[in-house]
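Chemist: predicted model follows, preceded by the sequence.
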Amino acid sequence: MHFAHFSHIWCKPGMTPHQRYEQLWRELQLCDDVGFEYAFCVEHHFRPDESWMSSPSLYAVGAGARTKRLRIGPMGYIVPLYHPLRLVEEIAIVDQMLGGRMEVGLVPGINPDYFRPFEVDYGFRKSPTLEFVDYMRAAYGEKQPFSFDGENHKTKSARISVQPVQKPHPQVWMQSRDPETLEFCAKNGVNTGYFIVFPRKDAAPRYRKFLEDWKAAGWKHKPKIGYSLPIYVDESDDAALERGLLRASRAYEGFLKEPAPGETFEDRVREHSSRFIGRGEPGAAEIMANIFNPDYLLKNDLVIIGSVKTVTEKLRALADEGVFNTFLGEYNFADLPEDDLMRSIRLFGEQVIPALRGYEPF
């Protein structure tokens, strides 16, 4: 198995953005020291009450300057919000600055609120994202200047002044549960994965099909399939539940709309839940309707909370159930004190990772 620190870089009570970033670097320095392999961030926009990360490249460079081993990157760039030529230049420079430690996540974007201020059509986002993989290969090819004439991206005779360290390009990820996108990923050797809102019982057959398609495409190495949940590890189950469970149930408060004057948390949750009634994905709708319910999350293993032994056993069982081999743990959420946060990361790195490193879910 493989292990990543994953962060929305949530805004934190009583912290300025600068203080929050400084805390983030402390988290990643510890992850680097105790055996994590990856560090990933989101790209979110226009919600100062939610995520403080709208520039994944700056995250990667900042993290790279403070670590030595971690492979670092976005999960992922919202491709339609970039000019493709500008993005390939940026990826290459970041990979050089990281000495070849960059990972490149690409996503079409799921929130229309990110698109409107940029005056980008939210309805036309999947095709440019998929095509960017071929665009990147052309940009980093031996033929320079390069040209590209695709359905979405067109470039005539551009010379890339800085090429990435990794050839032909950094490792690519596309987190997706969409069957068509998963077929594309298998064909093109792109890693994938999914998030808390996709039930593992629904995910398993979909990712087994992805593995079959990957093998049929002729790839000799195994793909990485990621899965992301909040996690908190402590010295005992009781301590972990007391310090971590309620806070983990507030990890995704940023999914809610900004509070109106006098509006309670419960009011916001009711409105949020109502949006998912009647959707075509009943499992995801149920999770989203209960994502702030600590008892539901614990009962359904949608947070991993416990001692080293409990967390190790749970994570191994979930990897089998959900067909993933890369765990993207969200360690810093809600108002979790930094002492608890760092103890959780240290226990996971020093004791859970060695226990699961050699385990292969597929």
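Modeler: On my side now, so go ahead.
Chemist: and whatever helix or strand residue 32 lives in, what does it pack against?
Modeler: Per DSSP states H and E: residue 32 is located in helix 17-34. Judged by 3 or more Cβ pairs under 8 Å, 6 or more residues apart in numbering; DSSP states H and E, helix 17-34 is in contact with strand 2-7, helix 56-65, helix 338-347. Yep, even glycine has a C-beta here, placed from its N, CA and C like the rest.
Chemist: just the residues contacting the shortest one, thanks.
Modeler: Outside strand 2-7, the residues that touch it by Cβ atoms under 8 Å, 6 or more residues apart in numbering are 24, 27-28, 31, 35-42, 53, 70, 75, 224, 226, 228, 325-332, 345, 348-349, 353, 356.
Chemist: give the ChimeraX command for selecting the buried subset of those.
Modeler: Buried members of the contacts of strand 2-7, defined by 16 or more other Cβ atoms under 10 Å, are picked up in ChimeraX with:
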select :24,27,28,31,36,37,38,39,40,41,42,53,70,75,224,226,228,325,326,327,328,329,330,331,332,345,348,349,353,356
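Chemist: most centrally placed residue in the protein?
Modeler: Central residue of the chain (Cα atoms, centre = their mean): residue 75, 4.2 Å from the mean position.
Chemist: isn't that one up against residue 40?
Modeler: Yes. Contact criterion Cβ atoms under 8 Å: residue 75 and residue 40 qualify, at 3.9 Å.
Chemist: which residues do those two both contact?
Modeler: Residues touching both residue 75 and residue 40 (Cβ under 8 Å, 6+ apart): 6, 105, 328.
Chemist: how far away is the second one from residue 58?
Modeler: Here the criterion is Cβ to Cβ, to the nearest Å. By it, residue 105 lies 15 Å from residue 58.
Chemist: cool, residue 329 as well?
Modeler: 22 Å.
Chemist: next, count neighbours for residue 235.
Modeler: 11 (other Cβ atoms under 10 Å).
Chemist: how about it, nearest residue that isn't a chain neighbour?
Modeler: residue 307 (6.7 Å; Cβ to Cβ, 6 or more residues apart in numbering).
Chemist: what's around that neighbour, how many residues?
Modeler: Using other Cβ under 10 Å, residue 307 is surrounded by 20 other residues.
Chemist: okay, now the unreliable bits of the stretch 51-200 of the chain?
Modeler: Counting by pLDDT under 70, not a single residue of the stretch 51-200 of the chain qualifies.
Chemist: going along the chain, name the helices of the chain.
Modeler: 17-34, 56-65, 84-97, 126-139, 179-188, 200-216, 237-240, 246-248, 265-274, 282-289, 294-299, 308-322, 338-347, 353-356 (DSSP state H).
Chemist: more neighbours, residue 105 and residue 58?
Modeler: Neighbours per residue, other Cβ under 10 Å: of residue 105 and residue 58, the larger number sits with residue 105, 24 against 13.
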